[in-house]
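Trainee: the sequence and its predicted three-dimensional model are supplied below.
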Amino acid sequence: MKQSCFLLMLLAAFLMNNFAQTTAELAEIWDKEHVTNKMPSNVRHSDLKAYLDGLRSLGLKVDEVGRSYANREIYQVEWGKGPRRVFLWSQMHGDEPTATSALIDMFTILQKNHKKDWVKRLEKELTIRAVPMLNPDGAELYVRRNLQGIDVNRDAKNLETPEARILKQLRDAWQPEIGFNLHNQNELTTAGSTPQQAAISFLVVYGDEAKTESEGHLRNKRIVALMAEALQPYIGGHMARYDDGWSPTAFGDNFSAWGTPVILIETGALHGKDEMFLVKMNFIAILTAMRSLADGSEKAADPAKYFNIPNNASGLLQHIIFRNATVIDRENPLTQSVADIGLVFQRRRAQFSSPTAIRQVGTLSSIYGLTEYDASGFNVVGRVQPIKPGNSGELLFYKKDRKVDWSAADLEKQFEPDAMLSLGKWLKGEGIVPLKK
Ligand SMILES: [Zn+2]
């Protein structure tokens, strides 16, 4: 008895060690072999086609499965020969691109490493189908909706968009046992009530309002627990659980209702890390899920760990906060006030500068900035609009001891500012307004 216990422990230790090694191996293999070479937000439909040509040349099956509203091709990639059907789709919201690149890297690396044991196992057990960039028109314009102005992810019931019809048809014809719905969330989303950005959020999506739990949902919780565990060394403290409110017209909820329980992965951002880092995180998470399905290791995972992941939260974080600025209203220069000014960036492709908007003005003591400045030595005035919530975040900074006629017609020329923030960057006077310690 004792001996068999010991053997079991040895086996468990071996499996765990093997598992840990393979997770590190996933990171390493992505570092060495990923093929996507543009920031995901810069990837256009034409770039996707070039990536898919690369997959075809490796021998992967890539099929056109329909056209978007503007007649752009929508593709499905297939890999594997196994009985278990796994379906993924990305970028149904055009400005949510990270996972599209992760899928391309995944298929490339699986195909190139098909002689490795762990890949052979995936190939034998699974057939993976994925639609990268379901909404190519939205992706081209870098907007959420399709060209009809419809949110494809609210069109699972009405099926007014060609993109939604294609997605539903692919599921209905193939009846996959699990689905992965791949999105991006607001980059100021936080992990619980902390100022930590949620770089990745997960959700096991139920198929009804009562959250009836099937074995598929339980399995998905175990898989999310494993994905979170795999990402822990890289983004520990920066993972969260997406809001699980029932959305009767959304695809994740309806896939789950139709018999394909869905895991939602929402990529956020991590200050100081670029988009490619997040592609790598997606790659590790998705392949961890694939591996756990193929080798059955998901069955040994603890679904309770899913609930240890903190909830998504919002409202705690802004991109830039200027603390204790003296805010000047040019129309009433005598009424000055000392306040914090919070700015947020708008979502743009990486190749373009992002305009900023003023989110809040006041005492922002419970709000954190990804970057914070001590503006207590400065009078601050809006460059194009007064400093008010919703207005442009273009700002001029004047040292407090300067005499300035705030009503001057061409203020910027007549009284050159000491520092100027434009498009979230210092156009002038970088380093003059000190970073807050
Ligand atoms: Zn989305």
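Mentor: That came through, no problem. Numbers count the residues shown, from 1 in each chain.

Trainee: count of residues packed around the residue in the stretch 101-250 of the chain that the ion sits nearest to?
Mentor: Closest contact between the stretch 101-250 of the chain and the ion, by CB to the ion, is at His183 (3.5 Å). For every residue, glycine as well, the C-beta is placed using N, CA and C. Neighbour count of His183, defined by other CB atoms under 10 Å: 22.

Trainee: quick check: bridge partners of it?
Mentor: Glu266 (DSSP bridges).

Trainee: ok, it - contacts?
Mentor: 90, 92-93, 96, 99, 264-267 (CB atoms under 8 Å, 6 or more residues apart in numbering).

Trainee: nearest to Asn158, of those?
Mentor: Met92 (14.9 Å; CB to CB).

Trainee: confirm the closest one sits in a helix?
Mentor: No: under DSSP: H, G, I helix; E, B strand; the rest coil, Met92 falls outside any helix and is assigned coil.

Trainee: that one touches Ile166, doesn't it?
Mentor: No: with contacts counted by CB atoms under 8 Å, Met92 stays clear of Ile166, the gap being 10.4 Å.

Trainee: more neighbours: these two, which one.
Mentor: Set Met92 next to Ile166 and count neighbours by other CB under 10 Å: Met92 wins out with 27 against 21.

Trainee: can you pull out the low-pLDDT segments for the stretch 301-437 of the chain?
Mentor: Applying pLDDT under 70 to the stretch 301-437 of the chain picks out no residues at all.

Trainee: for it, which segments count as helices?
Mentor: With DSSP state H, counting those that start in this stretch as the criterion, the stretch 301-437 of the chain has helices at 411-414.

Trainee: what's the closest non-adjacent residue to the residue of it found nearest the ion?
Mentor: Residue nearest to the ion within the stretch 301-437 of the chain: Arg347 (11.5 Å; CB to the ion). The shortest distance from Arg347 to any non-neighbouring residue, by CB to CB, 6 or more residues apart in numbering, is to Asp95 (5.8 Å).

Trainee: likewise His238?
Mentor: Ala199 (4.2 Å).

Trainee: would you check that the one you found makes contact with Leu278?
Mentor: Yes: here Ala199 reaches Leu278: they are 6.6 Å apart, a contact under CB under 8 Å.

Trainee: now the common contact residues for the two.
Mentor: 267, 269-270.

Trainee: most neighbours, which of those residues?
Mentor: Thr267 (27 neighbours).

Trainee: what are the buried residues along stretch 353-367?
Mentor: 354, 356-361, 364, 367 (16 or more other CB atoms under 10 Å).

Trainee: kindly report the same for stretch 235-244.
Mentor: 235, 238-242.

Trainee: which of those residues lies closest to Ile321?
Mentor: Nearest member of these to Ile321, counting by CB to CB, is His238, at 19.9 Å.

Trainee: list the residues that contact that closest one.
Mentor: Residues in contact with His238 (CB under 8 Å, 6+ apart) are 191, 196-200, 268, 270.

Trainee: at 10 Å instead, please
Mentor: Residues near His238 by CB atoms under 10 Å, 6 or more residues apart in numbering: 190-191, 194, 196-201, 231-232, 268-271, 273, 281.

Trainee: which residues in the stretch 1-150 of the chain form strands?
Mentor: In the stretch 1-150 of the chain, the strands defined using DSSP state E, counting those that start in this stretch lie at 61-67, 73-79, 84-90, 126-131.

Trainee: return the per-residue confidence for the nearest residue to Tyr69 once chain neighbours are set aside.
Mentor: Counting by CB to CB, 6+ apart, Tyr69 lies nearest to Leu147, which is 4.2 Å off, once chain neighbours are set aside. Note for Leu147: predicted pLDDT of 98.

Trainee: repeat that for the one 5 residues further on.
Mentor: What the model reports as pLDDT for Val152 is 98.

Trainee: again, but for Leu7
Mentor: 62.
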